[in-house]
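Novice: Fold the following for me, if possible:
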Amino acid sequence: MKIAFYLKNISLPNGILSYGIELGKFLKYNGWYVEFLIDDPSCKVDSVEGIPVYSLSSRLDLIRFVRLVKYVKTRKPDVLISNIPARNPIVALLKLIEEETKLVAFFHLPPKRWNFLKSFVLSKFDGIVAVSDNVSESLKRFTGRDDIVLLRNPFNFNLIYELAEQKLPPHLEDLFRTKKIVLYAGRFEDQKGVEDLIDIFYIVREKVKDAVLVLVGSGSKEHLLKEKIKNMGMDEDVIFIKPERNIFRYMKRADVFAFPSYYESLGRVVVESIFLGTPVVAYSSEGDHVNILSKFNLVVPTGDIEGFAEKVVEILNKKDAFKFDVFENCEYYIDEIGNNFMLYCKRLHDKHVEISAY
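Specialist: Sure, this is the predicted structure:
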């Protein structure tokens, strides 16, 4: 079977790309053919992790649609998975041209607003997949469909552990060994609460003199963050690192991972960090990660900057007190999720009517 994942880009590491790569590699290992179809016109690579990449190479919807039609007619995927809600109207139009390809909409975040047009667009999709409980419940409410399937984020924990063992860049080895490291990895955007994190760290730094904030990522707020850090006199205590695939080597060596995101379906970095034994402090936004962290009293009310800082200071003073056992019977293992996804695609392709959540 041939599967096409429609992604926004592959230039920056993010949760959606990680989901696609893990699932894509699993399908490929099991004999399926997988391709990435992307919007990013600046993409210059032919493949990622051994998976072929095709770019629609346009910022104009009309041209993008023409190229999408050409892709479907020439490549003939059995299932096309849209990971970009904003592109779903374009993808839905494929039903007017090519009925053999099954269309599946993946939702990684709960829909913020809903209207008749969005419901109509989704009615043209053969399937809808939610990656977490809160996303699934939101979609059921908004669409009224009872065939929405829950397929959680897949993780290759063996690979994560292997990558975490790799050495740090030489100029960071002493820093991670001699300082108390507060780590953040992700996009520098409003959703992620990175501005709050600077205020949080200002309080932490007053109470833990050898604390350092390490920010791995990039985004539209980067310049603003650097200005704020400078104005608060913390230039020497905050380190910026460009985004990279192997953030696990930083997670493993950090003292605490800060995750002040306002909303998520599942913070992948939360699961990864806890798996590597590093405590995480997060806002109490909706998302599967909050359910995990609540068991260890590592969640604070959204927007509670002082409470967040107090929790970080507490961890920095007694990190070894946290023992995590959430992965003994973990529901995020790639094998189970991958097999369920293959079964789901086969049922779609064979026109089975009964498709239940996994």
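Novice: tell me the pLDDT at residue 157?
Specialist: Looking at residue 157, its pLDDT is 86.
Novice: Could you measure from the nearest residue to it once chain neighbours are set aside over to residue 332?
Specialist: Nearest non-adjacent residue to residue 157, counting by C-beta to C-beta, 6 or more residues apart in numbering: residue 275, 5.9 Å away. For glycine as for every other residue, the C-beta is placed from the backbone atoms N, C-alpha and C. Applying C-beta to C-beta, to the nearest Å, the value for residue 275 to residue 332 is 9 Å.
Novice: where along the stretch 251-358 of the chain do the strands fall?
Specialist: Assigned by DSSP state E, counting those that start in this stretch, the stretch 251-358 of the chain shows strands spanning 256-259, 280-283, 299-300.
Novice: With distance to residue 188, mean neighbour count and mean pLDDT added, can I get those in TSV?
Specialist: Converted to TSV, these look like this (distance: least, C-beta to C-beta, whole Å; neighbours: other C-beta atoms under 10 Å; pLDDT from 0 to 100):
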stretch	distance to residue 188	mean neighbour count	mean pLDDT
strand 256-259	13	28	96
strand 280-283	16	25	94
strand 299-300	21	22	94
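Novice: Would you reformat these as JSON lines and include distance to residue 178?
Specialist: Below are the strands of the stretch 251-358 of the chain laid out as JSON lines (distance: least, C-beta to C-beta, whole Å):
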{"stretch": "strand 256-259", "distance to residue 178": "16"}
{"stretch": "strand 280-283", "distance to residue 178": "22"}
{"stretch": "strand 299-300", "distance to residue 178": "28"}
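Novice: Verify the stated contact: residue 271 with residue 154.
Specialist: No: using C-beta atoms under 8 Å, residue 271 is not in contact with residue 154, being 10.6 Å away.
Novice: which residues do the two both contact?
Specialist: residue 332 (C-beta atoms under 8 Å, 6 or more residues apart in numbering).
Novice: Residue 19 contacts residue 108, doesn't it?
Specialist: Yes: if you go by C-beta under 8 Å, residue 19 and residue 108 touch, sitting 7.2 Å apart.
Novice: Which residue of those two possesses the greater neighbour count?
Specialist: Neighbours per residue, other C-beta atoms under 10 Å: of residue 19 and residue 108, the larger number sits with residue 19, 24 against 21.
Novice: Where do the helices of the protein begin and end?
Specialist: Using DSSP state H, the helices assigned to the chain run over residues 15-29, 61-75, 88-92, 116-123, 133-143, 157-164, 170-178, 194-207, 222-231, 248-253, 268-275, 288-294, 305-317, 334-349.
Novice: how big is the angle separating the longest one from helix 157-164?
Specialist: Okay, so that is helix 334-349. Interaxial angle, helix 334-349 versus helix 157-164 (axes from the mean of the first three to the mean of the last three C-alpha atoms, to 10 degrees): 130 degrees.
Novice: Please save the CA atoms from helix 334-349 in PDB.
Specialist: This file holds the C-alpha atoms of helix 334-349, laid out as PDB (Å, rounded to 0.1, in the frame of the first residue of the first chain):
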ATOM      1  CA  ILE A 334       5.400   2.700  17.900                       C
ATOM      2  CA  ASP A 335       4.700  -1.000  17.300                       C
ATOM      3  CA  GLU A 336       1.100  -0.900  18.600                       C
ATOM      4  CA  ILE A 337       0.200   2.400  17.100                       C
ATOM      5  CA  GLY A 338       1.800   1.500  13.800                       C
ATOM      6  CA  ASN A 339       0.000  -1.800  13.500                       C
ATOM      7  CA  ASN A 340      -3.300  -0.100  14.400                       C
ATOM      8  CA  PHE A 341      -2.700   2.500  11.700                       C
ATOM      9  CA  MET A 342      -2.000  -0.200   9.100                       C
ATOM     10  CA  LEU A 343      -5.300  -1.900  10.100                       C
ATOM     11  CA  TYR A 344      -7.100   1.400   9.800                       C
ATOM     12  CA  CYS A 345      -5.800   2.100   6.300                       C
ATOM     13  CA  LYS A 346      -6.600  -1.400   5.100                       C
ATOM     14  CA  ARG A 347     -10.200  -1.000   6.400                       C
ATOM     15  CA  LEU A 348     -10.500   2.300   4.600                       C
ATOM     16  CA  HIS A 349      -9.100   1.000   1.400                       C
END
